[in-house]
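**Q** attaching a predicted model along with its sequence, questions to come.
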Amino acid sequence: MASSPEPARNPVSGALLSSADVARVVDRMAHQLIERCARGDDRAIDSAATDGGLSDLVLVGIPTRGAPLARRLAARVEAFSGTPIDVGTVDITLYRDDLRLRGVRALESTVLPDAGIDGRLVVLVDDVLYSGRSVRAALDALRDLGRPKAVQLAVLVDRGHRELPIRADFVGKNVPTSRSQQVKVHLAETDGVDEVLVTEGEPA
Ligand SMILES: O=P(O)(O)OC[C@H]1O[C@H](OP(=O)(O)OP(=O)(O)O)[C@H](O)[C@@H]1O
Ligand SMILES: O=c1cc[nH]c(=O)[nH]1
């Protein structure tokens, strides 16, 4: 009798990705972005363009840590492809559905490239995908900023437990977690170090 597959285990608390792992994962995601554009299997991208469709691409980070991640991804795509990549950030604070539950939060910056996002492929970038509510808020925020040809999603860690019909197009690492766990992404730009940790218990 065929044995059933091992159930996915939740990681034990501790370090999930080291600094070197984070760099490797970001590089892999950059290659995937380039390949997806060049393959043109995505109607959102003009694969006939001489730059493999990359000039159509805008990486838009969701603060806090999605913003430096988007800049890193853009830098690596540029390093591998030779094509400069437009980057931006989108503040989702006022579009959150838990605004009244979470108390006052400072507004972050929304910065778009000069060429804007109309008619382009926007790839939203975030560090963690969990319920999907932050991405839902980002989609609403984008709607007020322009009309992209398509919007896709890149996340460093997908930890599951979606509460909305949202999935990522580019995932650095899938990490099955329990709801009681927390995934904490630390980046040099915001935290002084690159690492991904899994901790037990609710966030402080
Ligand atoms: O899929 P979700 O359930 O929305 O969770 C993921 C979001 O949670 C974290 O942000 P957080 O709201 O903690 O703010 P921060 O980025 O400022 O830390 C993380 O950076 C994602 O944006
Ligand atoms: O584990 C989680 C859940 C939401 N947001 C995070 O950054 N980590």
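**A** That came through fine. Numbering: from 1, shown residues only. Ligands and ions are numbered 1, 2, ... in the order given.

**Q** pull out the buried positions in stretch 72-82.
**A** For stretch 72-82, burial by neighbour count (16 or more other C-beta atoms under 10 Å) applies to 72-74, 76-77, 81. C-beta here means a position set from N, CA and C on the backbone, and glycine is covered the same way.

**Q** with stretch 116-135 instead?
**A** Buried residues in stretch 116-135 (16+ other C-beta under 10 Å): 117, 120-135.

**Q** filter those residues down to the ones in strands?
**A** Residues of the buried residues of stretch 116-135 located in strands (DSSP state E): 121-129.

**Q** can I get the residues you listed in TSV including pLDDT?
**A** What follows is those, written out as TSV (pLDDT from 0 to 100):
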residue	pLDDT
121	94
122	97
123	97
124	98
125	98
126	98
127	98
128	98
129	98
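
**Q** filtering those by proximity to ligand 2, which remain?
**A** Restricting these to those near ligand 2 by C-beta under 6 Å from any ligand atom leaves residue 128.

**Q** between the ones in strands among the buried residues of stretch 116-135, which is nearest residue 141?
**A** Closest approach to residue 141 among these (C-beta to C-beta): residue 124, at 9.8 Å.

**Q** mind listing what that closest one touches?
**A** Contact analysis of residue 124 by C-beta atoms under 8 Å, 6 or more residues apart in numbering lists 60-62, 66, 90, 135, 138-139, 142, 151-154.

**Q** switch to 7 Å and redo it
**A** By C-beta atoms under 7 Å, 6 or more residues apart in numbering, the contact list for residue 124 reads 60, 62, 135, 138, 151, 153.

**Q** what residues are bridge-paired with residue 61?
**A** Beta-bridge partners recorded for residue 61 (DSSP bridges): residue 89, residue 125.
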